[in-house]
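[1] take a look and give me a structure for this.
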Amino acid sequence: MWRRRSAGDGALARSPSSSSAASASGDSEEEDTGFLEVTVSDMKHPPPELSPMPEGLSPQQVVRRHILGSIVQSERSYVDSLKRILQDYRNPLLEMEPKVLSARKCQVVFFRLKEILQCHSMFQIALASRVAEWDATEKIGDLFVASFSKSMVLDVYSDYVNNFTTAMSLIKKACLTKPAFLEFLKKRQMASADRVTLYGLMVKPIQRFPQFILLLQDMLKNTPKGHADRLSLQLALTELETLAEKLNEQKRLADQVAEIQQLGKSISDRSSLNKLLSSGQRQLLLCETLTETVYGDRGQLIKSKERKVFLLNDMLVCANINFKGQLEISSLVPLGPKYVVKWSTALPQVQVVEVGQESSAYDKDNAGSHNAGGHNTVATKKHAPAGQASHNKVYLGPPRLFQELQDLQKDLAVVEQITLLISTLHGTYQNLNMTVAQDWCLALQRMMRVKEEEIHSANKCRLRLLLPGKPDKSGRPISFMVVFITPNPLSKISWVNRLHLAKIGLREENQPGWLCPDEDKKSKAPFWCPILSCHMPAFSSKALDLQLGAAVHNPVQSSLLGFSAVSTSLPQGYLWVGGGQEGAGGQVEIFSLNRSVPRTVKFFPVASPVLCMEYIPEKGQDTQAEPGAAATTEPPPAPAICLGLRDGSIVAYGSVDAGTQCLLSRRSPGLQPVLCLKHSSDYLFAGLQDGTVAAYARNNGGPGGLAEQPTCLAVGTGPVRALLALDETLWASCANRVTVLDAGSLQPQQTFEAHPDAEASVTHMIKAGSGVWMAFSSGSSIRLFHTETLEHLQEINIATRTTFVLPGQKHVRVTSLLICQGLLWVGTDQGIIVLLPVPRLEGIPKITGKGMVSLNGHGGPVAFLAVALSTLAPDVLKSDREEEKGAGEEEEEEEEERAGPPPGELRKKGILLQYRLRSTSHLPGQLLSVREAPAGAAPEHAEEDGSVYEMADDPDVWVRSRPCARDAPRKEISSVAIVSGGRGYRNFGAAGRGSAPGGDTDSTLLIWQVPLTL
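    All right, here's what the predicted structure looks like:
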């Protein structure tokens, strides 16, 4: 047997054999659970108690004591809850005669709870001693690391989480079939002081680690740099986040399996769908309760019903929800519904149809005739074939709005013709001239934008799917439309995005797209991040052999991007790719990402090959002129893309939307090749070939104000290959050493050795949390350093991952690094891309899992990895109700500003075409009117029909309403894509694994689309 551990070692020890809940039988706890019981006496080990607060503490120390008190109180409450489950429920059920729940079922329901209690009882003992000496040591982080980094803690919690759904199902079934058991649960709940149910107690272990994380984050915020507890707290946060992530993933997978099983129960055993579901090859990507709506031919709502919609990796299933069972049981334990499958269809045949897209989904002749009922939600009758829609004149979505938009487009064309005729007038007329005519055009353009926004709003919670129906008598395929109302706009975006990515995931290159060497083969790797494009040429010019140098994303917000486009397009903006030919010139290629597939919009030559790029965003509003300073007409510095060239040039270009004009050009001292660029608020730093860092002062915050002569800082004799801006410092690498410089004074603070081999130069540095990962010019390892103490914390050999796809290849070199959304992307000289999970919080970004390897890669070294990230405007998330309220308030404001008609008077029909002009009295010429206007009087303004919208002076900028209290910040949506560049394309899957790199040696881009972060 394994030895019994002491209290300091941890709560439990494994016995040689361990069994699962499903196979456990009998009452012998020690044999069945595989753990040895350690009894903790409250008499010997009283619970932790914080002593009275001493005098003379700093405000930060006082806060830290309060947080420690919260940790102590929270842990005491949690341990009491665990004891209640065992003492008030488990033990009485085991002792009860006659038994209402067998010993075997009791063991399944309360599986691993004794071990979890033992873990936390031991943690309490250690916590008590730490609390007693708090004022002398003020350390808590190392205790969390020691207590919760052990594999046995993950084991017992994993067993509990994986068994939770089974336990709840067993309790539910016992409630339905055994009245005595139901009565027992009721009595126990009523006898407790807080009236918490058994379910409420049993869910607490699942919530425990997120609670710990919040408390430790608070403690870390109030622990200054240099404090003895700071690194320990960061490591503790990493351990707990990793543990919570693993448990969350296991819970998600267990819930997924349970949902698929529940769905499978509603289908006959012989059906093809049942065989598909029971094959174990199906992944549940998304499931949610949506409301299906059916409308009549006049737009009236006929009926609406809740449906459970399941998005699997290759099919979409819709089911009726059937809640059966006693209501009193649902208050004790959540009841899972029973499903009755309504329809299912293969994913490639599902089409999302937004308003205005009907012409592509239906016969074009039908798209022009619309129901004029004025309803926003008009839909086909239940599953009416598309062919019948035209016969009954029934249409989907708000067709009135789309018809009005088409009418405005036609009217604008007419007004533009009228404008041409007005330009031929011989006389000069005050209210009939080119100024007025142009104002009409601008007003119509404004109204079109308003109409587009109304259509956009109507789509926000309506998920409209075109599905294949049964063929008609002639064998012609017929489609039908289903309209679902989602709970909120986020849900709609999520459905459209996941449907889009699931379809991409079915392409050959994504079957599979990732290899998971992890033991857990249930990973979501094939779908997680499908490759969107794997054969995209990096340069338009085929004549030159251009090598890739660098890439950078220039985010540009699109003011009116359709709701469907928001959900499926790549991050908004442009991808700049630079490179060149050895000994010759360079080239820049710019790709537009405002679509589902990128395309080249511009390319131009530069004097020398591009070695590096840096995007400098628009400076914030902190650079406003001081009071009393002379007013300037200069616009604020615009975003710019800076290029570092081999000939020593640093060239800055404006954004594509601004014409990509060259803003400035600077030369490095001694015309040294510019190997890397990094910017801070005050400087643009350039790492040069001769071991110098050149710091160019940013005088007005923009690239246009870059100083002619830089401040030069020597950091070594070899090339400066990597720069990293970190808080108030700049890290610069030279050979195997890194120098930390003060980013303000430019004085060196300290230098440290990043690799014991002097030949291993630091080539890449990337920050995550409180650590920096580094890659080197030789060797296959990457190394992690602490940002504050500069301590070396971890080393990972990438070759152990790449051998999964290229066995025997031990000599691997890391050629690129990128961190994005909790994943470290590593590019190698073999063209293989490896993904390693890292924590996302403020802790230490230690790698804990084995990660994944992409089966799509390059034929040669990965030249760069770049991230394209844009945040979608919060306006996208406004609900219709908020918009209606906003428009109503706006109308009231405008009504107050101008003289409206007396109450009760009928509104005048027609719209005043008015944009900039509020009057024509200041224009030259006579007034064309039947009535003679009083001298100097402005013509009367007719009232606008509908909402009044303010417009900015620039016709391309549309301002919906004034900023006000209701425009509070909303949760943002992040759209992310990862781009890699290298020579050619290679598939490392089973089909292409044995093959050597292909003959395609052109510079190629690979693009992965990451699911929207909602």
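
[2] quick check: mean pLDDT of stretch 705-723?
    Stretch 705-723 comes out with an average pLDDT of 89.

[3] ignore what I typed, I meant stretch 213-223.
    For stretch 213-223, mean pLDDT rounds to 91.

[4] and for that stretch, what's in contact with it?
    Under the criterion CB atoms under 8 Å, 6 or more residues apart in numbering, residues 60, 63-64, 67-68, 70-71, 74, 140-141, 144, 229-230, 233-234, 236-237, 240-241, 244, 841-842 lie in contact with stretch 213-223. Backbone N, C-alpha and C define where each C-beta goes, glycine included.

[5] which among these end up buried?
    Among the contacts of stretch 213-223, the ones that count as buried by 16 or more other CB atoms under 10 Å are 63-64, 67-68, 71, 140-141, 144, 229-230, 233-234, 236-237, 240-241, 244, 841-842.

[6] mark which of the residues you listed are part of helices, please.
    Using DSSP state H, the subset of the buried ones among the contacts of stretch 213-223 located in helices is 63-64, 67-68, 71, 141, 144, 230, 233-234, 236-237, 240-241, 244.

[7] distance of the closest residue to residue 861 other than its chain neighbours relative to residue 860?
    In this structure, residue 861 finds its nearest non-sequential neighbour in residue 829, 4.2 Å apart by CB to CB, 6 or more residues apart in numbering. Computed as CB to CB, to the nearest Å, the residue 829 to residue 860 distance reads 8 Å.

[8] circling back: thought the residue nearest to residue 861 was touching residue 812?
    Yes - Residue 829 sits in contact with residue 812 when judged by CB atoms under 8 Å, with a separation of 6.8 Å.

[9] neighbour-wise, which of the two wins?
    residue 812 (23 against 18; other CB atoms under 10 Å).

[10] can I take it that that one is in a strand?
    No - under DSSP: H, G, I helix; E, B strand; the rest coil, residue 812 sits outside any strand and is assigned coil.

[11] how about the contacts made by it?
    Contacts of residue 812 by CB under 8 Å, 6+ apart are 780, 798-799, 802, 828-830, 832.

[12] narrow those to those that are buried.
    Buried members of these, scored by 16+ other CB under 10 Å, are 780, 798-799, 802, 828-830, 832.

[13] about what we covered before: among the contacts of residue 812, name the ones in strands.
    Mapping the contacts of residue 812 onto strands (DSSP state E) picks out residue 828.

[14] which one of the contacts of residue 812 sits closest to residue 596?
    Among the contacts of residue 812, residue 832 lies closest to residue 596 (CB to CB), at 27.0 Å.

[15] how near is the closest one to residue 286?
    Noted for residue 832: a distance of 31 Å to residue 286, by CB to CB.

[16] same check on residue 228?
    Computed as CB to CB, the residue 228 to residue 286 distance reads 46 Å.

[17] picking up where we left off before, nearest to residue 157, of the contacts of residue 812?
    Of all these, residue 157 sits closest to residue 798, with 30.3 Å by CB to CB.

[18] now do the contacts for the closest one.
    Residue 798 neighbours (CB under 8 Å, 6+ apart): 780-782, 812, 814, 826, 828, 834.

[19] before we move on, the earlier item: flag the least confident of the contacts of residue 812.
    pLDDT across these is at its lowest for residue 802, which sits at 81.

[20] got a list of what residue 817 touches?
    Contact analysis of residue 817 by CB under 8 Å, 6+ apart lists 764-766, 773, 775, 782, 824-827, 865.

[21] tell me which of those residues fall in strands.
    764-766, 773, 775, 782, 824-827, 865.

[22] make a markdown table from those residues and add neighbour count to it.
    Below are the ones in strands among the contacts of residue 817 laid out as a markdown table (neighbours: other CB atoms under 10 Å):
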| residue | neighbour count |
| --- | --- |
| 764 | 23 |
| 765 | 23 |
| 766 | 20 |
| 773 | 25 |
| 775 | 26 |
| 782 | 23 |
| 824 | 22 |
| 825 | 23 |
| 826 | 28 |
| 827 | 28 |
| 865 | 24 |
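
[23] and the residue lying closest to residue 869 once chain neighbours are set aside, how many neighbours?
    Leaving aside its chain neighbours, residue 869 sits nearest to residue 976 (5.1 Å; criterion: CB to CB, 6+ apart). Residues within reach of residue 976, counting by other CB under 10 Å, total 19.

[24] what's the helix or strand for residue 976?
    Element membership for residue 976, per DSSP states H and E: strand 973-983.

[25] between that strand and strand 823-828, how big is the angle?
    Strand 973-983 runs at 10 degrees relative to strand 823-828, counting by axes from the mean of the first three to the mean of the last three CA atoms, to 10 degrees.

[26] OK, contacts around residue 50?
    65, 68-69, 72, 131, 134.

[27] swap the cut-off to 6 Å and go again
    69, 131 (CB atoms under 6 Å, 6 or more residues apart in numbering).

[28] pLDDT wise, what is it at?
    77.

[29] that's a strand at it, yeah?
    No - with three-state DSSP as the criterion, residue 50 is assigned coil and is not in a strand.

[30] quick one: low-confidence ranges for the stretch 401-550 of the chain?
    For the stretch 401-550 of the chain, applying pLDDT under 70 flags the ranges 401, 456-459, 517-528, 543.
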